[in-house]
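In: one predicted model, sequence on top.
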Amino acid sequence: MKRSITYKSVPVKNVSLRFLKNVARRSTIYVGIDIGKYKLYVTVRWTPPRSKAVVYEHPWFVENTREIPALVAKLRKIANKNKLIVGIESTGSYGDPLRQALADAEIVVHQVRTKVTHDYAEVFDGVPSQHDGKDAAIIAELVSQGKSTIWSYESQSETENEIRYQVKKMIDIHKEIKRMQGKLEGLLARYWPEITSILALTSITLLKLLRYYGGPGTLHQDKESAQKIRQFSNSRINEEKSKDIRNAAKQTCGVRQGTWDMQTCKDIAIRMLELHKQSGSCKKRLKTLVEQSCTQLQRLSKILGVGTASVVWCHIGDPRRYHCSDAWIKAMGLNLVERSSGEYQSEVRISKRGDSETRRWLYMSALRWIQQSPVKQWYQRKKLQTGKKIPGEKNKLTGGKAVVAVMRKLLKGLWYAIVHDIPFDGEKLFFKEGSRRKDAIPRKAGRRPRRKKTKKVSRSDGVKVGFLRNGQKSTK
């Protein structure tokens with residue numbers, strides 16, 4: 001197939017559509033658009049009548065977003081005479097104003113993956129280089145080959161928009177909590193190192209103690225410290241643990257605090273308590289919104305939890321959009337990849353593509369699942385297969401790969417249950433292979449036929465040549 005390609009750009013206001021005279025009526029014209037923050041490059045691909053040659057027009061230069069109306073007007077004129085398909089790369093939010101304008105003009109839009117565009121660069125013209133005009137031409141070519149998917153722009157309901165808002169707010173809050181925990185850990189290592197072996201950094205009781213006392217010195221001097229510990233923990237800390245906290249404050253080897261050192265600890269504790277309160281409010285609101293949302297999101301929330309299900313729904317989307325469970329898992333970066341060459345054999349690992357927050361929330365959901373049967377037994381068996389020995393620990397294995405295996409298996413079952421509209425059965429998904437379930441069909445009565453024994457037959461040089469059944473003689 002011959003191609004006529006030129007990459008010198010022309011401003012969209014100077015573009016003439018004279019080439020439409022040479023295009024067969026009702027033929028398909030493909031348009032590729034390379035999207036940048038400030039610039040758009042548009043390339044038109046068309047085929048002359050009774051010819052196998054392909055013509056690419058000069059790339060159109062468009063200022064984003066000021067000249068989008070002029071671009072849409074040009075494309076609308078093409079669509080009035082011929083079938084028009086526009087291809088766009090999935091480049092974040094810079095292309096959303098254009099997508100909305102094209103949807104308002106009723107122009108069909110397709111999505112081309114960035115990885116496909118990158119891999120096709122050298123195949124396109126024999127040169128591995130990439131630039132804006134060439135990328136637009138590649139996108140148009142890939143759309144013509146069917147290497148794209150329909151990418152319609154749909155306005156979301158108020159409920160869906162609020163779910164996205166609450167999810168983003170919740171994720172930002174958790175990131176801030178992690179950052180403040182790092183600061184608090186450094187301060188406690190300096191002023192009160194013993195307390196972290198008694199109370200975790202995530203403990204609300206510890207934060208309330210620091211908010212009230214600011215450090216171990218004032219806690220030790222307070223005669224009513226035992227009552228305060230009981231009050232801050234809502235009586236969940238027993239007397240023995242309360243005594244350990246007071247002894248840690250009395251016998252601490254940390255650096256003595258000044259007035260402003262204590263105030264720093266108080267400020268961090270106050271901020272972390274505020275963040276925990278805001279996080280709880282977000283989750284409570286999300287629970288209400290999920291109950292008002294679609295059935296698929298409600299089913300996800302029952303299995304994964306409201307927070308995790310909302311994060312997956314907002315970042316990955318409806319499972320029904322994916323043609324198979326592997327595609328859904330791949331979008332989360334949980335697909336298995338391998339990089340081996342020659343004698344080097346690499347370990348199989350997950351690709352970690354896409355948003356890391358989705359994997360982090362799914363990991364925490366999987367940790368909750370492995371606490372219950374039969375997932376716990378399945379996890380223990382997987383841990384024995386994939387775990388590595390922990391240095392300095394006897395008979396202990398790492399369980400990270402086993403947790404990821406639980407995540408993958410759980411997501412596959414969820415996709416199948418939601419797409420095929422059947423109840424999710426965790427026991428059926430995680431039961432041990434070869435074991436008998438309670439609802440399994442009983443075997444027919446009678447004795448199973450015994451398998452005939454075989455004997456290995458080898459040559460004098462040790463090479464195996466086959467097997468002989470009992471009573472059969474070798475021809476050697």
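Out: Arrived safely. Because the structure is a prediction, the values reported are computed rather than measured.
In: and whichever strand or helix holds Glu274, what's buried?
Out: Assigned by DSSP states H and E, Glu274 belongs to helix 259-292. With burial defined by 16 or more other C-beta atoms under 10 Å, the residues of helix 259-292 counted as buried are 261-262, 264-266, 268-269, 271-272, 275, 278-279, 282, 285-286, 289-290. Using the backbone N, CA and C atoms, a C-beta is placed for each residue, glycine as well.
In: not counting sequence-adjacent ones, nearest residue to Ile173?
Out: For Ile173, the nearest residue in space outside its immediate sequence neighbours is Ser279; the separation is 4.8 Å by C-beta to C-beta, 6 or more residues apart in numbering.
In: might you report the residue contacts of that neighbour?
Out: When contacts are counted by C-beta atoms under 8 Å, 6 or more residues apart in numbering, Ser279 touches 170, 173-174, 177.
In: now, those that are in helices?
Out: Taking DSSP state H as the definition of helices, the contacts of Ser279 contribute 170, 173-174, 177.
In: dump those residues to CSV, plus distance to Asn234 and neighbour count.
Out: Listed next are these as CSV, based on distance: C-beta to C-beta, whole Å; neighbours: other C-beta atoms under 10 Å:
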residue, distance to Asn234, neighbour count
Met170, 24, 22
Ile173, 23, 19
His174, 23, 17
Ile177, 21, 18
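In: what's the closest of those residues to Leu71?
Out: Met170 (37.7 Å; C-beta to C-beta).
In: verify the contact between that closest one and Gly307 for me.
Out: Yes - with contacts counted by C-beta atoms under 8 Å, Met170 reaches Gly307, the gap being 6.6 Å.
In: in this protein, which residue is most central in space?
Out: For the chain, the residue whose C-alpha lies nearest the mean C-alpha position (C-alpha atoms, centre = their mean) is Met332; its distance is 2.9 Å.
In: okay, it: pLDDT?
Out: Reported pLDDT at Met332 in the predicted model: 93.
In: could you find the closest non-adjacent residue to it?
Out: When the adjacent residues along the chain are set aside, Met332 lies closest to Thr358, with 5.3 Å between them (C-beta to C-beta, 6+ apart).
In: ok so, going back, now do the helix or strand following the helix holding Glu274: which elements does it pack against?
Out: The element immediately downstream of helix 259-292 (helix or strand, assigned by DSSP H and E) is helix 295-304. Based on contacts counted as 3 or more C-beta pairs under 8 Å, 6 or more residues apart in numbering; DSSP states H and E, the elements that helix 295-304 packs against are helix 259-292, helix 306-315, helix 400-419.
In: give me the residues contacting helix 295-304.
Out: Residues external to helix 295-304 that are found in contact with it (C-beta under 8 Å, 6+ apart): 287, 290-291, 309-310, 312-313, 318-320, 362, 365, 410, 414, 417-418, 424, 426.
In: buried among the residues you listed? Make that a PyMOL selection.
Out: What follows is the PyMOL syntax for the buried subset of the contacts of helix 295-304, where burial is set by 16+ other C-beta under 10 Å:
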select buried, resi 290+309+310+312+313+319+362+365+410+414+417+418+424+426
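In: what stretches of this structure score poorly on pLDDT?
Out: Counting by pLDDT under 70, the chain has low-confidence residues at 1-5, 432-476.
In: change it to 80
Out: Residues of the chain that meet the criterion pLDDT under 80 lie in 1-7, 24-26, 50-52, 91-92, 390, 392-396, 431-476.
In: related to what we said a few turns ago, isn't the residue nearest to the centre of the chain right up against Leu362?
Out: Yes - at 7.0 Å, Met332 counts as touching Leu362 under the criterion of C-beta under 8 Å.
In: common neighbours of these two, please.
Out: With contacts defined as C-beta under 8 Å, 6+ apart, the residues shared by Met332 and Leu362 are 312, 411.
In: can you list contacts of stretch 369-377?
Out: Taking contacts as C-beta under 8 Å, 6+ apart, the residues outside stretch 369-377 that touch it are 379, 403, 406, 410, 426-427, 430-432.
In: okay, that stretch in CSV with CA atoms only?
Out: Taking C-alpha atoms only, stretch 369-377 is exported to CSV below (Å, rounded to 0.1, in the frame of the first residue of the first chain):
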residue,chain,number,x,y,z
TRP,A,369,-10.4,-12.0,53.5
ILE,A,370,-7.5,-14.3,54.5
GLN,A,371,-8.7,-14.1,58.1
GLN,A,372,-11.7,-16.3,57.3
SER,A,373,-12.3,-19.8,56.1
PRO,A,374,-11.9,-21.2,53.4
VAL,A,375,-9.7,-18.4,52.1
LYS,A,376,-7.3,-18.8,55.1
GLN,A,377,-6.6,-22.4,54.2
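In: buried stuff in that stretch?
Out: Residues of stretch 369-377 classed as buried under the neighbour-count rule (16+ other C-beta under 10 Å) are 369-370, 374-375.
In: also stretch 78-96?
Out: For stretch 78-96, the neighbour count (16+ other C-beta under 10 Å) marks 78-79, 82, 84-89, 95 as buried.
In: could I get those as CSV with distance to Ala249?
Out: Written out in CSV, the entries for those read as follows (distance: C-beta to C-beta, whole Å):
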residue, distance to Ala249
Ile78, 77
Ala79, 75
Asn82, 80
Leu84, 74
Ile85, 71
Val86, 68
Gly87, 66
Ile88, 61
Glu89, 59
Gly95, 58
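In: out of these, the closest to Gly392 would be?
Out: Among these, Glu89 lies closest to Gly392 (C-beta to C-beta), at 49.4 Å.
In: was I right to think the residue nearest to Met332 contacts His315?
Out: Yes - under the criterion of C-beta under 8 Å, Thr358 lies in contact with His315, with a separation of 4.8 Å.
In: ranges for the helices of the stretch 1-150 of the chain?
Out: If you assign secondary structure with DSSP state H, counting those that start in this stretch, the helices in the stretch 1-150 of the chain sit at 68-81, 96-104, 114-119, 121-125, 132-144.
In: how about those helices, which one is nearest Lys228?
Out: Between the helices of the stretch 1-150 of the chain, helix 96-104 lies closest to Lys228; by C-beta to C-beta that is 52.7 Å.
In: quick one: buried residues of the closest one?
Out: Of all the residues in helix 96-104, those buried under the rule 16+ other C-beta under 10 Å are 98-99, 101-103.
In: and if you look at stretch 58-73?
Out: Using 16+ other C-beta under 10 Å as the test for burial, stretch 58-73 gives 58-62, 64, 67-68, 70-72.
In: now could you export just the CA positions of that stretch as PDB?
Out: Provided in PDB are the C-alpha atoms of stretch 58-73 (Å, rounded to 0.1, in the frame of the first residue of the first chain):
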ATOM      1  CA  HIS A  58      -0.800  18.000   6.300                       C
ATOM      2  CA  PRO A  59      -1.200  17.900  10.100                       C
ATOM      3  CA  TRP A  60      -3.500  20.700  11.300                       C
ATOM      4  CA  PHE A  61      -2.200  22.800  14.200                       C
ATOM      5  CA  VAL A  62      -4.900  23.600  16.800                       C
ATOM      6  CA  GLU A  63      -4.500  25.600  20.000                       C
ATOM      7  CA  ASN A  64      -6.000  23.800  23.000                       C
ATOM      8  CA  THR A  65      -8.700  24.800  23.900                       C
ATOM      9  CA  ARG A  66      -9.200  28.200  22.100                       C
ATOM     10  CA  GLU A  67      -9.500  26.800  18.600                       C
ATOM     11  CA  ILE A  68     -11.500  23.700  19.400                       C
ATOM     12  CA  PRO A  69     -14.800  25.200  18.000                       C
ATOM     13  CA  ALA A  70     -13.000  25.900  14.700                       C
ATOM     14  CA  LEU A  71     -11.700  22.300  14.500                       C
ATOM     15  CA  VAL A  72     -15.100  20.800  15.300                       C
ATOM     16  CA  ALA A  73     -16.700  23.000  12.600                       C
END
